[in-house]
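Engineer: below are the sequence and a predicted model; questions follow.
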Amino acid sequence: MNHATPQVGAPVSTFTQLLSSTRRGARLARLLAVTELRSRGVSPELTERAELVVAELAANAVLHGRLPGRCFRLTLVLNPAGGHLRIEVSDARGDLRPRSLPADTEPDPLSTSGRGLTLVTALTDHWDCVPYPPSGKTVRAVLTTPTGA
């Protein structure tokens, strides 16, 4: 589903897609996000940051939020006038909530995982996790366009 919601002053566009909770679904989420943002004329810098954030959040939804037979949802809300993009990834596992490392903690250099949310923290202005009824969760991340871009 793809629709635009008018706002006073500037149009806000919303893109939403259900995707299979598979590696292929996570890859498709990243590709769809890039295609959608490019079609909306979003700057390459913001598109690249969003691509990395979507890739990480979608991968987490597939790895940690998967329930058999349940999809995950990607939503992009673009507000060009406000200069920000909100990325939302919803999955079926509300019991497993993401946790970022404390600011003064470094991930284990030998670990093959555990760096994703550190990357999300570095690329976004902020992110959080909220319930997604009836039993899931939504991880939301907000990215803004740098001043002068």
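Structural biologist: The structure has been received and is ready for your questions.

Engineer: might you report the residue contacts of residue 95?
Structural biologist: Shown in contact with residue 95 (C-beta atoms under 8 Å, 6 or more residues apart in numbering): residue 135. No exception for glycine: its C-beta is placed from N, CA and C like everyone else's.

Engineer: distance of it from residue 18?
Structural biologist: 21 Å (C-beta to C-beta, to the nearest Å).

Engineer: do the same with residue 125
Structural biologist: For residue 125, the distance to residue 18 equals 27 Å [C-beta to C-beta].

Engineer: same check, this time on residue 44
Structural biologist: 28 Å.

Engineer: can you map out the strands along this structure?
Structural biologist: Along the chain, counting by DSSP state E, strands occupy 2-5, 12-19, 72-79, 84-91, 126-132, 136-144.

Engineer: show me what the fifth one is packed up against.
Structural biologist: In terms of contact count using 3 or more C-beta pairs under 8 Å, 6 or more residues apart in numbering; DSSP states H and E, strand 126-132 is assigned the packing partners helix 116-123, strand 136-144.

Engineer: could I have the CA atoms of that strand written out in CSV?
Structural biologist: Taking C-alpha atoms only, strand 126-132 is exported to CSV below (Å, rounded to 0.1, in the frame of the first residue of the first chain):
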residue,chain,number,x,y,z
HIS,A,126,16.9,8.9,17.5
TRP,A,127,15.2,5.5,17.6
ASP,A,128,12.8,3.7,19.9
CYS,A,129,10.7,0.7,20.2
VAL,A,130,6.9,0.7,20.8
PRO,A,131,4.3,-2.1,21.1
TYR,A,132,2.6,-3.2,17.8
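
Engineer: I'd like to check the angle between it and helix 116-123, please.
Structural biologist: Angle, strand 126-132 to helix 116-123, by axes from the mean of the first three to the mean of the last three C-alpha atoms, to 10 degrees: 130 degrees.

Engineer: likewise for the second one?
Structural biologist: Using the same axes, to 10 degrees, one finds that strand 12-19 and helix 116-123 are set 170 degrees apart in direction.

Engineer: cool, the last one as well?
Structural biologist: Between strand 136-144 and helix 116-123, the angle formed by their directions is 30 degrees, by the same axes, to 10 degrees.
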